[in-house]
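A.B. asks: Give me the fold of what follows.
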Amino acid sequence: MKIMKSIPPGVLGKDYALGRKTKRAWKYRAKRRAYEVIRTIYKYHPSKINSILDIGAAEGLMLGFIKKIFSQAECIGLEYSQELIDMNQDKNIKPIQGDAQNLPFENNSFDIAVAAAIIEHLPDPKKMLEEAKRVLRPNGIIILTSPDPLWERVATMVGHLADDQHCKLMNLRELVSLFNEIGYEVLEQKKFMLSPIGMPLEIPIERVVRTFGLNFLFASQLVVGKKINSG
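C.D. replies: I've put the predicted structure just below:
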């Protein structure tokens, strides 16, 4: 009898990658996250970027967008699902199978760590952030995005998300608290993505929305942290 290897909760498969090819909203979210990552790198890490680690890279769609901008950097995509790794078609990025909570890299290996829409899929989010800090070089930065819990619950209620996709949802205050607990210097915290499918002039419209304090309208959250020691 063939024994099937169980898939841990929160791990996505090839249907996720196929959806990002065919569903406008899914592809837009990957592009918007890539935009936020690129903007953040330029703002907080102006020196030369030699290496970027994307934790939870899926099939490499977002990392491919980033590689086009930082072409000189080695871009490594860490992904648990072998199905998703097998769907990578971008030869300019390097996919590696592994666990976000036990990164298979030496200390002080990367200038940038990206954790976009992965922390909510992990049973131990603190461990992932600790591991990211370990593999970052001193003054390296981590860029994390996560869905807003309110809108994710709405999406689940109306059938857009499966109940078992996420292990734990955290709001912005909880994410920042976790960053501080681990010892990152928090450089930026905000909510973003007013429309999950995109719209004209979305980014300037978001600035206006923030001015009026209507942050509850945003579907996603971003926290940027800097490693401030060599530990």
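
A.B. asks: and after the helix-or-strand element of the chain with minimal mean pLDDT, which helix or strand comes next?
C.D. replies: Lowest by mean pLDDT, DSSP states H and E among the helices and strands of the chain is helix 14-22, with a mean of 65. Once the chain leaves helix 14-22, the next helix or strand it forms, by DSSP states H and E, is helix 24-44.

A.B. asks: Flag every buried residue along that following helix.
C.D. replies: Buried residues in helix 24-44, defined by neighbour count with 16 or more other Cβ atoms under 10 Å: 26-30, 32-38, 40-41, 44. From N, CA and C alone the C-beta is placed, and that goes for glycine too.

A.B. asks: again, but for stretch 135-151
C.D. replies: 135-137, 140-149, 151.

A.B. asks: What is the most widely separated pair among those?
C.D. replies: Pairwise distances across those peak at 34.5 Å for 137 and 151 (criterion: Cβ to Cβ).

A.B. asks: so what's residue 99 bridging to?
C.D. replies: residue 102 (DSSP bridges).

A.B. asks: That one contacts residue 80, correct?
C.D. replies: Yes. Residue 99 lies in contact with residue 80 (Cβ atoms under 8 Å); the separation is 6.1 Å.

A.B. asks: So which of those two has more stuff around it?
C.D. replies: More crowded of residue 99 and residue 80, by other Cβ atoms under 10 Å: residue 80, with 24 against 15.

A.B. asks: number of nearby residues for the residue nearest to that one when sequence neighbours are not counted?
C.D. replies: In space, and not counting its chain neighbours, residue 80 is closest to residue 11: 5.4 Å by Cβ to Cβ, 6 or more residues apart in numbering. Neighbourhood size, residue 11 [other Cβ under 10 Å]: 17.

A.B. asks: ranges for the strands of the protein?
C.D. replies: Remark: strands assigned in the chain by DSSP state E are 51-55, 74-79, 94-97, 110-116, 136-147, 184-192, 220-227.

A.B. asks: Residue 130 and residue 184 touch, don't they?
C.D. replies: No. In this structure, residue 130 is not within contact of residue 184 by Cβ under 8 Å, at 10.1 Å.

A.B. asks: Looking at those two, which is more packed in?
C.D. replies: Per other Cβ under 10 Å, whichever of residue 130 and residue 184 has more neighbours is residue 184, with 23 against 16.

A.B. asks: which residues does that one bridge with?
C.D. replies: Applying DSSP bridges, one finds that residue 184 bridges with residue 227.

A.B. asks: residues contacting it?
C.D. replies: Taking Cβ atoms under 8 Å, 6 or more residues apart in numbering, we find residue 184 in contact with 129, 133, 142, 225, 226, 227, 228.

A.B. asks: Return the members of the residues you listed classed as buried.
C.D. replies: Buried among these by 16+ other Cβ under 10 Å: 129, 133, 142, 225, 226, 227.
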